[in-house]
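Colleague: coords please:
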Amino acid sequence: MSTLATTTVTFPTSANVPIALGFFGLGVGYLIYGAQELFALPERNRSVDLTTGIWGIWMPGFLQFLTGIFLWVGLSWFHSFSAPPLYMAALAFTAYGVHWFSLGLTRALGGDPRPNEFMAIAFTVISVLGLTVFFKADDWPVGLLFVGLTCVYVSEFFSGLFMRMIPGSHAEPRALNKVGERVLGFSRLATGAWLMYLTFAVTLNTTSGTSLPV
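Modeller: Numbering: from 1, shown residues only. Just a heads-up that it's a prediction; the model follows:
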């Protein structure tokens with residue numbers, strides 16, 4: 001009678017959580033898009049839309065998605081990460097990454113932006129969920145990031161709300177949409193600046209033994 005032995009492979013818990021990659025990718029996207037929405041720098045045209053679309057796909061899109069997948073694999077398969085709030089981080093990075101694939105492709109291909117107002121409702125929910133999780137975990141720097149994300153998606157809702165479509169042409173923003181776009185740009189720039197700090201803090205804490213709040 002033969003006995004089938006079961007071998008369990010256990011990986012050590014890793015302190016190197018790859019969140020700086022996602023922070024940096026999203027921060028770059030927010031700085032690019034925020035400057036355009038708040039200051040019209042640069043002013044939008046077809047070639048600018050193509051360039052910003054490509055940046056949106058790769059930096060906030062791919063880098064966040066990659067970070068989310070790393071976290072899911074570490075949490076679910078290899079158990080390299082164990083802190084419960086990282087579940088929320090994995091959810092957020094993956095969802096925001098795929099979201100930015102859509103935003104970048106829409107911008108690059110010249111798609112209709114009006115469905116974004118309904119997308120913003122779902123992403124406001126996940127942003128509020130994130131701030132709840134991280135403030136309850138006493139991680140106020142990341143909780144503050146989700147406050148910024150909440151502001152981004154609330155303002156994005158109003159920037160696209162009831163936007164009028166001119167037949168055969170383009171979406172024409174109303175006064176509410178213009179105000180919403182400016183607030184969206186400010187929210188993205190402020191959140192992008194905080195993301196640069198978080199990237200800086202996480203990297204220094206991991207590599208140089210500093211203890212910056214993060």
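Colleague: do you know how far Ser102 is from Val125?
Modeller: Computed as C-beta to C-beta, to the nearest Å, the Ser102 to Val125 distance reads 17 Å. From N, CA and C alone the C-beta is placed, and that goes for glycine too.
Colleague: which of those two has more neighbours?
Modeller: Set side by side, Ser102 and Val125 show more neighbours around Ser102, with 16 against 12, by other C-beta atoms under 10 Å.
Colleague: Tell me who's in contact with the more buried one.
Modeller: Residues counted as contacts of Ser102 (C-beta atoms under 8 Å, 6 or more residues apart in numbering) are Met119.
Colleague: Name the residues of the helix or strand hosting it that are buried.
Modeller: Element membership for Ser102, per DSSP states H and E: helix 85-109. Residues of helix 85-109 classed as buried: 85-86, 88-97, 99-104, 106-108 (neighbour count, 16 or more other C-beta atoms under 10 Å).
Colleague: Would you mark the buried spots in the helix or strand just after it?
Modeller: Note on helix 85-109: by DSSP H and E, the next helix or strand toward the C-terminus is helix 116-136. Along helix 116-136, these residues count as buried under the neighbour rule (16+ other C-beta under 10 Å): 116-117, 119-120, 123-124, 126-128, 130-131, 133-134.
Colleague: Not counting residues beside it along the chain, what's closest to Phe24?
Modeller: Ranked by C-beta to C-beta, 6 or more residues apart in numbering and with sequence neighbours excluded, the top spatial neighbour of Phe24 is Thr199, at 4.4 Å.
Colleague: follow-up on the earlier one: want to try JSON lines for the buried residues of helix 116-136, with pLDDT and distance to Val152 as columns?
Modeller: What follows is the buried residues of helix 116-136, written out as JSON lines (pLDDT from 0 to 100; distance: C-beta to C-beta, whole Å):
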{"residue": "Asn116", "pLDDT": "86", "distance to Val152": "12"}
{"residue": "Glu117", "pLDDT": "84", "distance to Val152": "13"}
{"residue": "Met119", "pLDDT": "93", "distance to Val152": "12"}
{"residue": "Ala120", "pLDDT": "95", "distance to Val152": "9"}
{"residue": "Phe123", "pLDDT": "98", "distance to Val152": "8"}
{"residue": "Thr124", "pLDDT": "98", "distance to Val152": "9"}
{"residue": "Ile126", "pLDDT": "98", "distance to Val152": "12"}
{"residue": "Ser127", "pLDDT": "98", "distance to Val152": "8"}
{"residue": "Val128", "pLDDT": "98", "distance to Val152": "12"}
{"residue": "Gly130", "pLDDT": "98", "distance to Val152": "12"}
{"residue": "Leu131", "pLDDT": "97", "distance to Val152": "12"}
{"residue": "Val133", "pLDDT": "98", "distance to Val152": "18"}
{"residue": "Phe134", "pLDDT": "98", "distance to Val152": "16"}
